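Engineer: Sequence plus predicted model, see below.
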Amino acid sequence: MNYIGCHLSASAGYAEMVKTALNIGANTFAFFTRNPRGSKAKQEDPQDAARAVAMMEENHFGPLVAHGAYTMNLCTKDPEARAFAADILCDDLRRMAALPGNFYNFHPGSHVGQGTEAGIDYIASALKKALEPGYPVKVLLESMAGKGSEVGASFQELRDIIDAVGSDNVGVCLDTCHIYDGGYDIVGDLDGVLQEFDRVVGLDRLCALHVNDSKNPFASHKDRHECLGQGSLGIETFRAIVNHPALRDKPMILETPNELPGYQKEIALLRTLAE
Ligand code: FE
Ligand code: FE
Ligand code: ZN
């Protein structure tokens, strides 16, 4: 059975998210580790985390794919803001230790004119520091659409970050909207794109997927998510994804423009598409 879920609100705690996931037919989910557009994190509640872990085990959940705040830019220009982002990354991983064995995904960052190479250096050094304490969490670089000065829109940039960090605890989360917008034709040639990913990054590094359709055409570098089957990717692309031997065992997270009932429908749809 595929691990399929969506983004859920973390406001009522971990156990409440597991209950919501069960209600909508999900067996994984994503959540923001702190306010997605700010930096505030919730008070920690170890009992709540333990309850969630037990419920997930009982219901055979796949790994969760937590999401770092959008505002956390590890390669921003101002040294103080950069150090603050690196501290947030470290604190997020420490908090994630309450949910051992799950994934922490984040946007690598935007180099804001400093150049990709400088961006990669900053991202890698922040990751190295945060990974040092040995928290039981794998960090995932999200593939980006290449909007503005985003780092991580090409497989090579993801590889370069991974190499610069030099840790087994770094993987990749492929966002279907982002890579299609970024110029990887998963509609026309999913196999070819995955072969390219394997050659450049290595499929052993692929840990999770964000499953989104796109409001924009191929290689538009725009990053606007659409509901499944209503955008430029189309339903057949998602059928191919949920059945692909290199993808079907990965947690798949919906980030489509939906509320819970819409997510429930899309989760059911993906399960129907899975042969
Ligand atoms: Fe994201
Ligand atoms: Fe995403
Ligand atoms: Zn996106």
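Structural biologist: Nice, thanks for sending it over. Residues are numbered from 1 along each chain as shown. Ligands and ions are numbered 1, 2, ... in the order given.
Engineer: got the buried residues for the helix or strand encompassing Arg271?
Structural biologist: For Arg271, the host element (DSSP states H and E) is helix 260-273. Buried residues in helix 260-273, counted by 16 or more other CB atoms under 10 Å: 262-264, 266-267, 269-270, 273. For every residue, glycine as well, the C-beta is placed using N, CA and C.
Engineer: what's the closest of the residues you listed to Ala26?
Structural biologist: Ranked by distance to Ala26 (CB to CB), these are led by Ile267 at 5.6 Å.
Engineer: from memory the closest one sits against Met1, does it?
Structural biologist: No. Counting by CB atoms under 8 Å, Ile267 sits too far from Met1 to count as a contact (11.8 Å).
Engineer: Which strands or helices does the helix holding Arg271 pack on?
Structural biologist: Judged by 3 or more CB pairs under 8 Å, 6 or more residues apart in numbering; DSSP states H and E, the packing partners of helix 260-273 are strand 4-6, helix 235-243, strand 252-254.
Engineer: Can the first one be said to contact ligand 2?
Structural biologist: No. Strand 4-6 lies apart from ligand 2 when judged by CB under 5 Å from the ion; the minimum separation is 11.4 Å.
Engineer: on contacts alone, who are the packing partners of that strand?
Structural biologist: Strand 4-6 sits against strand 252-254, helix 260-273, with contacts defined as 3+ CB pairs under 8 Å, 6+ apart.
Engineer: Swap in 10 Å and give it another go.
Structural biologist: Other helices and strands packing on strand 4-6, by 3 or more CB pairs under 10 Å, 6 or more residues apart in numbering; DSSP states H and E, are helix 14-23, strand 206-211, strand 252-254, helix 260-273.
Engineer: Then the second one?
Structural biologist: With contacts defined as 3+ CB pairs under 10 Å, 6+ apart, helix 235-243 has these neighbours: helix 176-181, helix 190-200, strand 206-211, strand 213-214, strand 252-254, helix 260-273.
Engineer: Including distance to Arg51 and mean pLDDT, could those go into JSON lines?
Structural biologist: Formatted as JSON lines, the helices and strands packed on helix 235-243 follow (distance: least, CB to CB, whole Å; pLDDT from 0 to 100):
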{"stretch": "helix 176-181", "distance to Arg51": "32", "mean pLDDT": "98"}
{"stretch": "helix 190-200", "distance to Arg51": "37", "mean pLDDT": "98"}
{"stretch": "strand 206-211", "distance to Arg51": "23", "mean pLDDT": "98"}
{"stretch": "strand 213-214", "distance to Arg51": "34", "mean pLDDT": "98"}
{"stretch": "strand 252-254", "distance to Arg51": "22", "mean pLDDT": "98"}
{"stretch": "helix 260-273", "distance to Arg51": "21", "mean pLDDT": "98"}
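Engineer: Nearest to Phe32, out of those?
Structural biologist: Closest among the helices and strands packed on helix 235-243, using CB to CB: strand 252-254, at 12.2 Å.
Engineer: Return the residues of this structure in contact with ligand 2.
Structural biologist: 175, 210, 255.
Engineer: what do Ile267 and Met1 both touch?
Structural biologist: Common neighbours of Ile267 and Met1 (criterion: CB atoms under 10 Å, 6 or more residues apart in numbering): Asn27.
Engineer: what's the burial count for the closest residue to His107 other than its chain neighbours?
Structural biologist: Using CB to CB, 6 or more residues apart in numbering and skipping the chain neighbours, the partner closest in space to His107 is Glu142 (5.4 Å). The tally of other residues near Glu142 (other CB atoms under 10 Å) stands at 21.
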